[in-house]
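> A structural model of the following input is requested.
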Amino acid sequence: MVRSVQNGDLGRRERRKEETRKQIFKAAMKLFGKKGVFATTVEEITEAADVGKGTFFNYFPSKEAILSALAERQLGVINTAVERAQTAESVRPVLKDMCRELSSVPGRSQILLRSLLGMVLSNRFMFELFQSVLSKGRERVALIVERGQHLGEIRRDIPATIIARCLQQVAFGTNFIWAASPASDLMEWHETSMDLLWRGIASRPERVLQ
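Coordinates of the predicted model:
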């Protein structure tokens, strides 16, 4: 009985901690979208999240470290897509949905994407984190590609890891070119990019209408 109560208390504490972490993350991303990462202060984040500065540092050692939560979120999206692909009859919608979901948070703001690129290129922590996420993500996406090859809808003359890398190039390239362009719909850009890429990797390319 005592153990059950203790476990219940522990579960509630863990849920509250996770809720606080999400609260800080959401507040930070909203501010990053308005002002960029560089121009946002920890004080502004704590005020927006309605938490104390000490509470902030209990969860994140620095403002930049908040972006590690974004990296975790992105890898979670990819892992969900991998699981979905294992039983899917076609991986094409899985890949398109994954790309759309990966862009949904950073793609809320061109300012955010531009500051993320600047942070990756100027901050060693962010650069190493970006490298790690790219590598892990590419390995996971290759599993989706392999499933497509097994189903016969993705060509087999190109290694799955190479196709996965091309998918990353298209996704990140689309994001950052959009970030440096006049305001437009990022999701439309991704739809076009993925459709064109698919014609190159599909085992039976669709006929392009004249």
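> Can you pull out the low-pLDDT segments for the chain?
1-10, 205-210 (pLDDT under 70).
> so where do the strands sit in it?
In order along the chain, the chain carries no strands (DSSP state E).
> Which residue, neighbours along the chain excluded, lies closest to the residue sitting nearest the centre point of the chain?
With distances taken as Cα atoms, centre = their mean, Gln74 lies nearest the centre of the chain, 2.8 Å away. Nearest residue to Gln74, sequence neighbours excluded (Cβ to Cβ, 6 or more residues apart in numbering): Leu102, at 5.7 Å. For glycine as for every other residue, the C-beta is placed from the backbone atoms N, C-alpha and C.
> What is the neighbour count of that neighbour?
Leu102: 22 surrounding residues under other Cβ atoms under 10 Å.
> quick one: contacts for it?
By Cβ atoms under 8 Å, 6 or more residues apart in numbering, the residues touching Leu102 are Gln74, Val77, Ile78, Ala171.
> What separation is there between it and Glu153?
Between Leu102 and Glu153 the computed distance is 21 Å (Cβ to Cβ, to the nearest Å).
> swap in Val105?
Val105 is 29 Å from Glu153, by Cβ to Cβ.
> all helices for this protein, in order.
Here the chain has its helices, by DSSP state H, at 2-35, 42-49, 53-59, 66-85, 92-104, 110-122, 124-151, 160-179, 186-201.
> If we go by neighbour counts, what in the second one is buried?
Residues Glu44, Ile45, Thr46, Ala48, Ala49 are the ones in helix 42-49 that count as buried (16 or more other Cβ atoms under 10 Å).
> I figured the third one was touching Gly52, is that so?
Read it as Thr46. Yes: here Thr46 lies in contact with Gly52, judged by Cβ atoms under 8 Å, at a distance of 6.5 Å.
> What's the local residue count around Ala202?
14.
> Identify the bridge partners of it.
Ile154 (DSSP bridges).
> Could you export the buried residues of helix 42-49 as a markdown table, including distance to Ser203?
Output for the buried residues of helix 42-49, formatted as a markdown table (distance: Cβ to Cβ, whole Å):
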| residue | distance to Ser203 |
| --- | --- |
| Glu44 | 51 |
| Ile45 | 48 |
| Thr46 | 53 |
| Ala48 | 49 |
| Ala49 | 49 |
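> neighbouring contacts of stretch 90-99?
Stretch 90-99 is contacted from outside by 77-78, 80-81, 84-85, 88, 141, 144-145, 147-148, 151, 153-154, 167, 171, 190-191, 194, 198, using Cβ under 8 Å, 6+ apart.
> Pull out the buried residues from the residues you listed.
Among these, those classed as buried by 16+ other Cβ under 10 Å are 77-78, 81, 84-85, 88, 141, 144-145, 147-148, 153-154, 167, 171, 190, 194, 198.
> Show the contacting residues for Thr174.
Thr174 is in contact with Ser103, Leu186, Trp189, His190, Ser193, counting by Cβ under 8 Å, 6+ apart.
> Okay then, goodbye and thanks.
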